[in-house]
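Colleague: Generate coordinates for the sequence data below:
(chains A and B)
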Number of protein chains: 2
Amino acid sequence: MFIKGLIFKEIGNYPEIGEIEADLLLDDITVSLKAAALNHRDVWITKGQYAGIQTPCILGSDGAGMVNDKRVLIQPGFDWGSDDRFQSRQYSILGMPRNGTFANIVNISAKNIVNMPDHLSFEEGAALPLAGLTAWRALMTQGKLLKGQKLLITGIGGGVALASLKFAVHLGAEVYVTSGSRDKIDKAIVLGAVGGANYKDLNFISELKALAGHFDVILDSAGGPDFGSYLKLCRPGGKIVVYGGTQGKVEIVPQHLYWSQVSIIGSTMGTPEEFADMITFIDQHKLKPVIDSIIPLSEYKDGFEKMNNGSQFGKIVFTI
Amino acid sequence: MFIKGLIFKEIGNYPEIGEIEADLLLDDITVSLKAAALNHRDVWITKGQYAGIQTPCILGSDGAGMVNDKRVLIQPGFDWGSDDRFQSRQYSILGMPRNGTFANIVNISAKNIVNMPDHLSFEEGAALPLAGLTAWRALMTQGKLLKGQKLLITGIGGGVALASLKFAVHLGAEVYVTSGSRDKIDKAIVLGAVGGANYKDLNFISELKALAGHFDVILDSAGGPDFGSYLKLCRPGGKIVVYGGTQGKVEIVPQHLYWSQVSIIGSTMGTPEEFADMITFIDQHKLKPVIDSIIPLSEYKDGFEKMNNGSQFGKIVFTI
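Modeller: So this is what the prediction gives:
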């Protein structure tokens, strides 16, 4: 069986449109893809900034499409394993090493296919899986965010941060954001955030304290020099959930942790059950993801470039 | 009412034996003290390294004694508040600002008095409260340590570390330790630890990995330059519980946190319910604390000095 799609051949180069031969495994079903969404992961893989890179393969972890006459969404994780607290060693994500969603079709286990909520278009559906699942676990399982609590989301604009914003607002939390761009903060306020601060301002930590007091949960994927100050923004018993570290090492004063009984909790991806819970929540709240732009798959290079610059606000979706 | 004891009068000086006038509050009971134990807290207060210092007052958080003909132990925390996850702003610890246990008597709320387990002497009982409570919450509530799991206790020798060792061994965990002294590691092995490594060895992290593999829980009160490496010693979903930071700032690579779903959890003291659970456990297992030395209260300066040098292995107890 041949699949047409974006073939990743060599680190340092964009993938190329082409064909690849692929097997249909025993419990695989073929999904005819209608839309796919880009993730940082895809960009990092093309740059070689990811563990265990194998070529050639089709990239893409997020996809929505049809199986016969059924609209479906793909859960992008495989072999989580038996312990909810962490993924097994066998765990992998769709789109390298397995051929992913930047293609006309994807062959995938029936277990990874769920029904698409009726209120979503293919593009909206494709924008959800990886970012939504990461946000859901980070907020709900690890952060244990509750209605009425205060949440700070750093670096609003990316897919996980915006999915978190949507989930938290619909949960009834009081959400604040940071960004390096006032425009993104304003857009987040339109989406339901109470306020925010620009992390390029030297006083942004004090601004946040004046604005919100202390936070029950802080969600961060940057790390770097600002992280240590987040501990002072936590209320006693508060949690900082970490799902990335693009700005590198963090420095922490242990005294800021123990007297306040604060936790720093690592989180990545999520279990199939968490994925199902997220879809139920999205369905109940008729929630839609934030989409930055929808472009034809043939213009994928524009999408890769935009994500690389970090100028997007929401998901970059390809129509197929 | 006058109380005879070690009066702390001035930062930078040892307390002095003397008398102080003290009130008996409405629900206070007078405990006739038979033994008291020294904590780092007492040493830090005399040096001015503690928040909210008030003088004059009698130091000492740990005490055991008699109320009429009943042998009792003192729970040293006040006003924890209604939330198990963290102490209230009103929370305080016996022995500054309230007059503590380095005295002939202590006036204390009936709620803070518990029956002493029969198998303990006054000296053994006095060695338990503050260190035991800190260890209990850190291990059981925050670390959620289970039978069969692997635990690393850094800096074995102090009261909390040794109470943790005792609790974990009796729980059925597999315990490893670090110390700057081979002698202390050997003593820990006699007490039930499986093994240990000297943190003065450059390769001690690799030694621990070779010895034990990965840990479910790591208990640390040092912080400092070694801390970042502990993340690599955690199994996926593992926890580092932090109850102090004597070696200062720590540096962390966020990537070591999120992919492994590891948590760093701050912990201090514990609730009255945790204290009661700890006493029940101690009673059931006929557990005794590790005591470094028992000296008359009049020779308290030797105790302060020993703790300041860090040469002790177990609690330093005063007989009264």
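
Colleague: how about the residues of the stretch 51-200 of chain A near chain B?
Modeller: Neighbours of chain B within the stretch 51-200 of chain A, by Cβ under 8 Å from any Cβ of the partner chain: A:83, A:85-87, A:142. For the C-beta atoms, the positions are set from N, CA and C on the backbone; glycine is no exception.

Colleague: between the residues you listed, which has the most around it?
Modeller: Of all those, the highest neighbour tally under other Cβ atoms under 10 Å in any protein chain shown goes to A:Gln142, namely 26 neighbours.

Colleague: my guess is that residue contacts A:Ser263, does it?
Modeller: No. In terms of Cβ atoms under 8 Å, A:Gln142 does not count as a neighbour of A:Ser263; the distance is 9.1 Å.

Colleague: what's the overlap in contacts for those two?
Modeller: Shared contacts of A:Gln142 and A:Ser263 (Cβ atoms under 8 Å, 6 or more residues apart in numbering or on different chains): A:Lys239.

Colleague: can you pull the contacts of A:Phe102?
Modeller: A:Phe102 is in contact with A:5-6, A:15, A:36, A:42, A:58-60, A:95, A:297, A:300, A:318, counting by Cβ under 8 Å, 6+ apart.

Colleague: Pull stretch A:31-43 out as CSV, backbone CA atoms only.
Modeller: The C-alpha trace of stretch A:31-43 is given here as CSV (Å, rounded to 0.1, in the frame of the first residue of the first chain):
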residue,chain,number,x,y,z
VAL,A,31,-8.5,6.6,7.9
SER,A,32,-9.1,8.9,4.9
LEU,A,33,-7.6,12.1,6.2
LYS,A,34,-9.4,15.5,5.7
ALA,A,35,-7.3,17.7,7.9
ALA,A,36,-4.1,17.6,9.9
ALA,A,37,-2.5,20.0,12.4
LEU,A,38,1.1,21.0,12.9
ASN,A,39,2.9,20.6,16.2
HIS,A,40,6.3,21.9,17.5
ARG,A,41,7.2,18.2,17.5
ASP,A,42,7.1,18.1,13.7
VAL,A,43,9.3,21.2,13.4
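
Colleague: now it: mean pLDDT?
Modeller: Throughout stretch A:31-43, pLDDT has a mean value of 97.

Colleague: surely A:Val217 meets A:Gly238?
Modeller: Yes. Counting by Cβ under 8 Å, A:Val217 does reach A:Gly238; the two are 6.8 Å apart.

Colleague: From chain B, how far off is the nearest residue to A:Lys301 once chain neighbours are set aside?
Modeller: Nearest residue to A:Lys301 in three dimensions, chain neighbours excluded: A:Tyr14, at 5.7 Å (Cβ to Cβ, 6 or more residues apart in numbering or on different chains). From A:Tyr14 across to chain B, the span is 25 Å (Cβ to the nearest Cβ, to the nearest Å).

Colleague: Show the pLDDT at A:Tyr14.
Modeller: 94.

Colleague: tell me the contacts of it?
Modeller: By Cβ under 8 Å, 6+ apart, the residues touching A:Tyr14 are A:46, A:300-301, A:304.

Colleague: Next: A:Phe318.
Modeller: Listed by Cβ under 8 Å, 6+ apart, the contact partners of A:Phe318 are A:35-38, A:102, A:126, A:294-297, A:300, A:303.

Colleague: What are the buried residues along stretch A:269-277?
Modeller: Buried positions in stretch A:269-277, judged by neighbour count with 16 or more other Cβ atoms under 10 Å in any protein chain shown: A:269-271, A:274-275, A:277.

Colleague: Now do the same for A:Gly244: helix, strand or coil?
Modeller: Following DSSP: H, G, I helix; E, B strand; the rest coil, A:Gly244 is assigned to coil.

Colleague: Tell me, how many residues neighbour it?
Modeller: Residue crowding around A:Gly244 was assessed by other Cβ under 10 Å; the count is 24.

Colleague: For the closest residue to it other than its chain neighbours, give me the backbone phi and psi.
Modeller: Closest residue to A:Gly244 apart from its sequence neighbours, by Cβ to Cβ, 6+ apart: A:Ser221 at 3.0 Å. For A:Ser221, the backbone dihedrals (degrees, to the nearest 10) come out as phi -130, psi 20.

Colleague: Quick one: residues contacting A:Ser221.
Modeller: A:154-155, A:158, A:160-161, A:242-246.
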